[in-house]
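[1] Predicted structure and sequence below. I'll ask about it afterward.
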Amino acid sequence: MARKPRIHFEKALYHAIVRGNGGQSIFLDDADRQIFYAFLEKSIQRFEYQIVAFCLMSNHAHLAVRVGREPLAHIMQSVCSRYARKFNRRHGRTGHLFQGRYWAQLVQEEPYFKVLVRYIHRNPMRAGLIERIDEWRWSGHRALLGRERLPWFDAHHTLSHFSRNRSIARLHYRLFVEGRGCDDDEWFIKGSEADSRIAGNAGSYVEFMGSGEPGVAPKVTLSQILDAVCLEYGISPAEMRCPCRKRIMTEARSIVGYLAMAGSVATLTRVSQELDRTTATMSNGVLRMRHRMASEAHTRDRVRLIARSLGIQVF
């Protein structure tokens, strides 16, 4: 029987799993895991998607991915093929590292987002490898609690499902993933009766597509973000588009890109076109802004102020 085609639409949420061929380990040491992190970061810059939960085990890995315009297949092929080549060179191996094509299910963000995050981050506990969830280093759990900084991991989107206040969101998240009955989430990945490609009880593909985000215009426009940033920095949109590389200009452009992604308003490709920049330049600028948001209180406060005026949630 032929496989059903992958389901794709912009902003869709997926639970993806990659497994080692024949059950073999795909991570032999911490350096392997750091290399996998690096390939994820590079692919996020290239394909403009979000990782909202993840867990790296020894012979498999879970990823919760919110895609952009590029299908999940392109993302997974890029990450897995590059990592497999690096892994084989590093450990002097040959042959297939991963078992066939990756497994993935489309997840209805409401009401299943929180369950997906909990299911992924509790994986080491279900496997009996740890007693407490925060003992596992290689997942998004510690970053969500503010104990680790992973600029490529979109913790703010995940926490926004628990509260607009970051401290309260972290508390509610921790209580949710550590609560009783969490190990009963196995039902979640079995898929709906109508279509196994869809997680939970989302119903048929047509019903699911009809209840999602495609075709819904964002509440904030890119031009509004541009105007708000220009107002904060005392510059004009024309100056923002000029070739000038002064720090104030590059910082303002990076904030425009950062807020456009945080608010799911526009892709970096669209922002690049608006600001007359290359996508690579914008990607690097947004990545630097994420680093600064994590380490500089004054930058974080300034971006939050602009975001608040636009109704965009950032953490």
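    Cool, got the structure. As the structure is a computational prediction, the values presented were derived from the model and not from experiment.
[2] only C-alpha atoms for contact and neighbour calcs from this point on.
    Will do.
[3] Make sure Val65 is indeed in a strand.
    Yes - counting by DSSP: H, G, I helix; E, B strand; the rest coil, Val65 is found in a strand.
[4] if I look at it, how far off is Gln313?
    19 Å (Cα to Cα, to the nearest Å).
[5] Ile133 - how many residues pack around it?
    For Ile133, the count of nearby residues is 20 (other Cα atoms under 10 Å).
[6] so it makes contact with Ile120?
    No - judged on Cα atoms under 8 Å, Ile133 makes no contact with Ile120 at a distance of 10.9 Å.
[7] right, and the helix or strand after the worst-scoring helix or strand of the chain on mean pLDDT?
    Within the chain, confidence by mean pLDDT, DSSP states H and E is lowest for helix 205-211 among all helices and strands, at a mean of 44. Downstream of helix 205-211, the next assigned helix or strand under DSSP states H and E is helix 222-233.
[8] Report the buried residues of that next one.
    Under the neighbour-count criterion of 16 or more other Cα atoms under 10 Å, helix 222-233 has 222, 225-226, 228-230 buried.
[9] Turn the residues you listed into CSV, columns for distance to Arg33 and pLDDT.
    Formatted as CSV, these follow (distance: Cα to Cα, whole Å; pLDDT from 0 to 100):
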residue, distance to Arg33, pLDDT
Leu222, 36, 90
Ile225, 36, 93
Leu226, 38, 93
Ala228, 39, 92
Val229, 37, 94
Cys230, 40, 92
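[10] about what we covered before: neighbour count winner among Val65 and Gln313?
    Taking other Cα under 10 Å, Val65 and Gln313 do not tie; Val65 has more neighbours (24 against 17).
[11] list the contacts for that one?
    13-16, 49-53, 72 (Cα atoms under 8 Å, 6 or more residues apart in numbering).
[12] where along the stretch 1-150 of the chain do the strands fall?
    For the stretch 1-150 of the chain, strands defined by DSSP state E, counting those that start in this stretch occupy the ranges 13-19, 50-56, 60-66, 103-107.
[13] just those strands: most buried one?
    strand 50-56 (a mean of 24; mean count of other Cα atoms under 10 Å).
[14] could you check the angle strand 13-19 makes with that strand?
    Using axes from the mean of the first three to the mean of the last three Cα atoms, to 10 degrees, the direction of strand 50-56 lies 30 degrees away from that of strand 13-19.
[15] Please enumerate residues in contact with strand 50-56?
    Counting by Cα under 8 Å, 6+ apart, 33, 44, 61-67, 117, 120-121, 123, 138-141, 152-155, 157-158 sit against strand 50-56.
[16] out of these, which are buried?
    33, 44, 61-67, 117, 120-121, 123, 138-141, 152-155, 157-158.
[17] Low-confidence bits of the stretch 151-300 of the chain, can you list those?
    In the predicted model, the stretch 151-300 of the chain carries pLDDT under 70 at residues 180-219.
[18] 50 instead?
    202-217 (pLDDT under 50).
[19] rewinding a little: what's the farthest-apart pair in the contacts of Val65?
    Largest separation among the contacts of Val65 by Cα to Cα: Ala53 and Leu72, giving 15.2 Å.
[20] hang on, the earlier thing: which pair of the buried residues of helix 222-233 spans the longest distance?
    Leu222 and Cys230 (12.3 Å).
[21] thought Leu72 was touching Ile7?
    No - counting by Cα under 8 Å, Ile7 is not a contact partner of Leu72; they are 9.0 Å apart.
[22] The two: which is more packed in?
    Per other Cα under 10 Å, whichever of Leu72 and Ile7 has more neighbours is Leu72, with 24 against 17.
[23] The stretch 201-315 of the chain: helices as residue ranges?
    In the stretch 201-315 of the chain, the segments counted as helices under DSSP state H, counting those that start in this stretch are 205-211, 222-233, 237-241, 247-262, 268-275, 279-295, 297-310.
[24] and the gap between the residue lying closest to His172 once chain neighbours are set aside and Arg174?
    Sequence neighbours aside, Phe162 is the residue nearest to His172 in space, at 6.1 Å (criterion: Cα to Cα, 6 or more residues apart in numbering). Separation of Phe162 from Arg174 (Cα to Cα) stands at 10 Å.
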